[in-house]
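*Asks:* Turn this into a model:
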Amino acid sequence: MNEVIRPAPECPPQTLERQALERLDSPPVELSIIVPSFNECDNVAVLHRRLEATLAGVAWEIIFVDDNSPDGTWDVVRDLAQRDSRVRCIRRIGRRGLSGACIEGILASSAPYAAVMDADLQHDETQLPKMLSLLRSGQADLVVGSRYIEGYKSEGFDKQRAGASALATEVARKILRVEIADPMSGFFMIRRDRFEQLAPQLSVHGFKILLDIVATARGTLRAAEIPYTFGARQHGESKLDSMVALDFLGLVLAKLTNDAVSLRFLLFATVGSIGLVVHLVTLYITYELFEVPFAGAQAASALVAMTSNFILNNFFTYRDQRLKGFAILGGLIAFYIVCSVGLLANVGVALSVHNNLLANAGVTALSVPDKQNVWWLAGVAGVAGALMGVVWNYAMSGLFVWRKR
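*Replies:* Have a look, this model is predicted:
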């Protein structure tokens, strides 16, 4: 008789029972600490120990929102959660970004107050009790750990990063009329009920969640700021890259338009404007220099522009869902397919406009004495055709090419 061997459960039943009893006996959670993470496995246990020491006497929980870290941060968090029921893990697959992680974490919390801090140990957890006290007393709805008020100290903020942050802060304060000194801070605490009122209007893309919150609130949040010590990173590496500036500008523009245009659409439109230049350059080369018939030149130009748009969108617009490896080829083919309707409309509209303009100019395609004199007609027609497919391309790209996996 063969013996059936079953794998041991990840968490013993006794542990699960003990955790359940602990939850029943413990007071309701008052403070949820939201920690977005990506490749921070070496910092998880250290941060947990620091919070235990700092928040003695406070009913707290910590929610790590991990973007499927290749270094297994989520696995380290879950191992810790088996030993401490105050630790929770949200593992996100197919989506990335600090702002989205913060929003998901706060909405998943069960406490009346929620703090956001980085997993890299650079934010000063010893300030959490003071921040909580300000919210408890009703003095503020939002408390920000600020780098631009007296008392702030820095152990790990390099001059280049500090200069860029200061410039972005000044731009945000001037353009969006934000009153607080440090709207770019990643260390803050907020009443969860006030956050939930603002959440539907927040962008899930980008890195500047606090700026989004303050700009969306439009002065309705009572804010307080406290100084803190910005520590030096001990493990891992910074997640900030050159795209953060683009995210920031997109967020500012989105708020200036009262969120009528999303950040992703703004990036898509920016790439589209570059694609339009690519389209016109290709159209000029094929139509003017190689004397390809306009219909063929327009189709070729649209194809080249589509390829250019796919590459740029994959790198910029959908970088949180970026296609890699063989998925790039599949995505490109899908992009061609979903944009085929837009391409047909593109060519059809452009050809119609082109022929009408030629007729109004008193010439025909077969009797043009000098193509350079009517090149602008082809250009106008090309623009009209290219604009025709923009809305369709954007909608279909989100549905079929860079869909969440």
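
*Asks:* Contacts only, for residue 331.
*Replies:* Contact analysis of residue 331 by C-beta atoms under 8 Å, 6 or more residues apart in numbering lists 310, 314, 323, 401, 402. C-beta: built from backbone N, CA, C; applies to glycine.

*Asks:* nope, residue 105 is what I meant
*Replies:* 32, 34, 35, 36, 63, 65, 90, 114, 116.

*Asks:* thinking again about what came up before, looking at the contacts of residue 331, which are in strands?
*Replies:* Of the contacts of residue 331, none are assigned to strands by DSSP state E.

*Asks:* The residues you listed in helices, which ones?
*Replies:* If you go by DSSP state H, the contacts of residue 331 have residue 310 in helices.

*Asks:* before we move on, what SS does the most centrally placed residue in the chain have?
*Replies:* The centroid of the chain falls nearest to residue 205 when counting by C-alpha atoms, centre = their mean (2.1 Å). At residue 205 the chain is in coil, as set by DSSP: H, G, I helix; E, B strand; the rest coil.

*Asks:* That one and residue 169: what is the separation?
*Replies:* Shown here: residue 205 relative to residue 169, a distance of 20 Å by C-beta to C-beta, to the nearest Å.

*Asks:* Go through stretch 32-46 and flag the buried ones.
*Replies:* By 16 or more other C-beta atoms under 10 Å, the buried positions in stretch 32-46 come out as 32-44.

*Asks:* Show me how far it is from its chain's centre.
*Replies:* 19 Å (C-alpha atoms, centre = their mean, to the nearest Å).

*Asks:* gap between the two ends of it?
*Replies:* Start-to-end span of stretch 32-46 (C-alpha to C-alpha, to the nearest Å) is 18 Å.

*Asks:* Same question for stretch 315-322.
*Replies:* Separation of the first and last residues of stretch 315-322 by C-alpha to C-alpha is 7 Å.

*Asks:* what about dumping the CA coordinates of the helix or strand where residue 134 lies to PDB?
*Replies:* Assigned by DSSP states H and E, residue 134 belongs to helix 128-136. C-alpha atoms of helix 128-136 as PDB (Å, rounded to 0.1, in the frame of the first residue of the first chain):
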ATOM      1  CA  LEU A 128       4.600  58.800  14.000                       C
ATOM      2  CA  PRO A 129       3.300  59.200  17.600                       C
ATOM      3  CA  LYS A 130       3.500  63.000  17.200                       C
ATOM      4  CA  MET A 131       1.700  62.900  13.900                       C
ATOM      5  CA  LEU A 132      -1.000  60.600  15.400                       C
ATOM      6  CA  SER A 133      -1.400  62.900  18.300                       C
ATOM      7  CA  LEU A 134      -2.100  65.900  16.000                       C
ATOM      8  CA  LEU A 135      -4.800  63.900  14.200                       C
ATOM      9  CA  ARG A 136      -6.300  62.500  17.400                       C
END
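
*Asks:* Isn't residue 230 up against residue 120?
*Replies:* No: using C-beta atoms under 8 Å, residue 230 makes no contact with residue 120, being 10.6 Å away.

*Asks:* higher neighbour count, those two?
*Replies:* Neighbour tally, residue 230 and residue 120, criterion other C-beta atoms under 10 Å: the higher count belongs to residue 120, 23 against 19.

*Asks:* That one against residue 40, yeah?
*Replies:* Yes: between residue 120 and residue 40 a contact is recorded at 6.4 Å, counting by C-beta under 8 Å.
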